[in-house]
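In: Here's my sequence, what's the structure:
(chains A and B)
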Amino acid sequence: MPEPPLLSFSQVSKTYPGSHRPSLQNLTLDVGPREILGLVGLNGAGKTTAIRAAAGVIRLDAGSISVGGFDMLREKVEASRHLGWVSEYPNFDPVVSGRGIVRYFAGFRGIFDGEATRLASNLLDFVGLESSGDQRFRSLSQGTKKRLALAVAMIGDPEVMLLDEILNGLDPEGIALVRRLLLEWRSKGKAILLSSHLLGEVQQVADRVAVLHRGRLVRILSKQEISSHRSSVLRISVTDLDAGALAFLATKGAVRRDGVTVWLSQPTAGADEINIELSKRGYHVRELALESGRLEDLFFELIEEPVPGTDGDEASV
Amino acid sequence: MTLASQGFAYSFRRTWMRLRTVVIIAVGIGVALAAASQVASNPPAPANLYSAVVFYVSGAYHFEFHAFNEFGDPLPGVVYNISIQNSSGTPILVVVSGVTASNGSLELSMELLEGTYQAIVLAGPQSGGVAPNNFWSQGEGEGDVTLEPWSPGLVVPVLGPIATAVDRQTGFSGEPGLQLFYPTPSELCEPGCPVSFALVNLTNGVVPSPLPRSSLTPLGDISAPLQTFSLVIRPNSSTPFLHLQVEIFSPTGSFLAMDTNCSAQSFSPYLTPTSVSSQAFSYFSSDLILLLPLLAIAAAFSAYAGDRLSGVLDASLAQPITRQGLVSSRFLAATTALWLMIGVGILASDGLIHLLLGYYVLPSYLLAVFLSGSLVAVFFVGMVFLLSHLVRSVLTVLSTGFGLFLLFGVFWFSILYYLEGMLSGGVGTPAGTILQVHLMFLNPLEYGTLALAAITNTTPAGATVLGGNPAGYGITPVTVGLALLAWAVTPLLLLLWRVWRRD
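Out: Next comes the predicted model:
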């Protein structure tokens, strides 16, 4: 018998006041114990709205969210006890120290005085902030703020973790810490909802990936689905890549460029034909391959939007 | 303790700590100290009272003057000047003048045939550069006293000495009730003259007829030329008295003098005193009421609105506490901190006034200021909390809060005069005065005046020229209480509705 989900969205809808477009429309998804669910989407897809709704920070227009079996609206206090949340832009009292912030939020979970002080030291040490724990929040860097938010989210060892773009602003050491924590939490049976626009990172750690687009859940992908996906994206490396080559490739599909490499999505011609045509035009093709198992490609296919940019940098959505 | 109440209590306590409630309370003590320094540098002087009786004996009219202050201390050096004219006004027949002795008394006599005359009486201090004034009248014209061919032995009070004395004495010594001082003429009374009194209830009409002897209560016997009788009436809000009748009899029991002509509202056990302590306390209360809105705006911003507008509140919203619990705990923390400040400030001010002047402030005054101060605190805190849910700009929230303060605290009287002139046909007219009192209900900063009038059952300040019972202006404990409650809870209810329904 499958275990009941620890985090559950049911027909959740939300439209912000003054907005014509709903931020979330009938979102239904579950995150079970020992599971990391990646939440991906373009800017404005509704990832942050979904996480803030689950955290109890914003009201829903319709639907319900349950955390640890408790309804976030009707049983807010019990539901919140099972929850830890790291927001995209952690925002605490700017004049209070990191240690003071952890102590403050510990009080909401019945941890006071000496116990709260010890807990603050332990958590700050754990996230690598023991030395800067006495600095005021406003003087911390973005990455340090993220680490502090992580420490706050870990107070009370909640079963459900909501992580909104947690990797943004973190240094490599911080990213490694988060990766380690995610795996550790999963092994402990926690449910983790991880939103990120770094699709490679999500693909690396998530058990499943929910694709949001314009407030709607497009699809939930399993790890197997992602890895077995054979996308119709050609990766082409061309020496002396110039506007002429790009113009030609643009006639054969959606083009995205990264240095001398071009990704051609949904090509209207085969690889051989493109190779020949480029050679005829005097370009030297160093590499031409059909990409597969990339979440990024699958993502753009699912949302049915052209791959953005012809001169973009690292793939990000 | 349930999880919800645990979160509420914790949020309340932490907001209190964050607001630095001790500092807020210190501000209240600071206001009390500042007001006390004002009192010390410019102590309010006790009001001077002047009473007089006139009688006709042995071919002469005799004036007996008594000048004393509101504490019953005699006032020496007060000049009295009397010009007697015939009843048609001219010419002046006799002019006599004199100065009160160390006991505050002065007797002036003028030999005249018994008849009807007009006496113009001027009185006032001789020193201090203050000119004497014709401050009294018997009822005809300003400064005029009509002398008539009275029956021998009848003593006629020229002023309403009882009303004046009683009005000044209420509770000044800290006694919980009305104190009546009645200086009696001694010329026609040998030692042993009995003085009796009766309190005439509100229900007996505005100008009662003399009461039967049976209703009178002995007040005491006259034993000195100038004597005050003290009558303490314990507070009883259900029994306001409109009139006092005092009668004086000879030792043989014959009627000598009577006074029933005391103004309305003088004998309520909850009189509005104008004693020095109350005047001194007004320094504190006016400073406090002006400062409170600004302090409440700052406290509300620090406790909640600032966090909400900057997004800091979100992290707390994700904790095990309901959003209503979070809002109301922070609201309660801000308002109780301010209540404490008001309470401690009031007690400090009362204590300092006692230290400086020797008198405590009347409890009704303290209560009225506490109630109105609490209303101001709750209203402004609630408004700033509510505004932070309606707009997203710090500047808009703060400027709107400050704008409300300017409206109610600074420009109110300009608006009032404009409305009074426009709606009632003129500033200062009876209709305008009544309108002005009614408009007080629309300003939360005016509830000190309203509460005091309701508690003490006296004419509200601003309408003393018209006089009359506060109920005539719609001011009763019920109406003021309900209006006060409406002002206090409306922003809070709107806020909770908004939190419950929207965000």
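
In: Quick check: the residue of the stretch 201-317 of chain A nearest chain B.
Out: Across the stretch 201-317 of chain A, no residue is closer to chain B than A:Gly215, which sits at 18.8 Å (CB to the nearest CB). Where you see a C-beta, it was placed from the backbone N, CA and C, and this is true even at glycine.

In: correct me, but that residue touches A:Tyr16?
Out: No - A:Gly215 is beyond contact range of A:Tyr16, at 10.7 Å (criterion: CB atoms under 8 Å).

In: who touches both of these two?
Out: A:Ser23, A:Thr49 (CB atoms under 8 Å, 6 or more residues apart in numbering or on different chains).

In: who has more neighbours, the two?
Out: A count of neighbours by other CB atoms under 10 Å in any protein chain shown puts A:Gly215 above the other of A:Gly215 and A:Tyr16, at 22 against 14.

In: Then B:Ala119 would be within a strand, right?
Out: Yes - membership of B:Ala119 in a strand is supported by DSSP: H, G, I helix; E, B strand; the rest coil.

In: Show me how chain A divides into domains.
Out: Listed domain ranges for chain A are A:7-227, A:232-291 (source: automatic domain parsing).

In: Out of those domains, which is closest to B:Leu347?
Out: Counting by CB to CB, B:Leu347 lies closest to domain A:7-227 out of these; the figure is 32.1 Å.

In: Which parts of the stretch 301-450 of chain B are helices?
Out: Ranges of helices in the stretch 301-450 of chain B, per DSSP state H, counting those that start in this stretch, are B:306-310, B:313-317, B:323-357, B:363-390, B:394-405, B:412-424, B:430-439, B:447-456.

In: Same check on chain A?
Out: Taking DSSP state H, the helices of chain A run over residues A:47-55, A:76-81, A:98-107, A:113-126, A:142-153, A:172-187, A:199-205, A:223-228, A:243-250, A:271-280, A:295-303.

In: Tabulate the ones you listed (JSON lines), appending mean neighbour count and mean pLDDT.
Out: Below are the helices of chain A laid out as JSON lines (neighbours: other CB atoms under 10 Å in any protein chain shown; pLDDT from 0 to 100):
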{"stretch": "helix A:47-55", "mean neighbour count": "25", "mean pLDDT": "95"}
{"stretch": "helix A:76-81", "mean neighbour count": "23", "mean pLDDT": "94"}
{"stretch": "helix A:98-107", "mean neighbour count": "23", "mean pLDDT": "95"}
{"stretch": "helix A:113-126", "mean neighbour count": "16", "mean pLDDT": "94"}
{"stretch": "helix A:142-153", "mean neighbour count": "23", "mean pLDDT": "94"}
{"stretch": "helix A:172-187", "mean neighbour count": "15", "mean pLDDT": "92"}
{"stretch": "helix A:199-205", "mean neighbour count": "19", "mean pLDDT": "84"}
{"stretch": "helix A:223-228", "mean neighbour count": "14", "mean pLDDT": "76"}
{"stretch": "helix A:243-250", "mean neighbour count": "15", "mean pLDDT": "90"}
{"stretch": "helix A:271-280", "mean neighbour count": "14", "mean pLDDT": "85"}
{"stretch": "helix A:295-303", "mean neighbour count": "22", "mean pLDDT": "72"}
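
In: I'd like to know which of those is closest to B:Ser282.
Out: With CB to CB as the measure, helix A:98-107 is the member of the helices of chain A nearest B:Ser282 (42.7 Å).

In: how far away is the residue in chain B positioned nearest to chain A from A:Phe137?
Out: Closest to chain A within chain B is B:Gln319: 3.8 Å, counting by CB to the nearest CB. For B:Gln319, the distance to A:Phe137 (CB to CB, to the nearest Å) stands at 17 Å.
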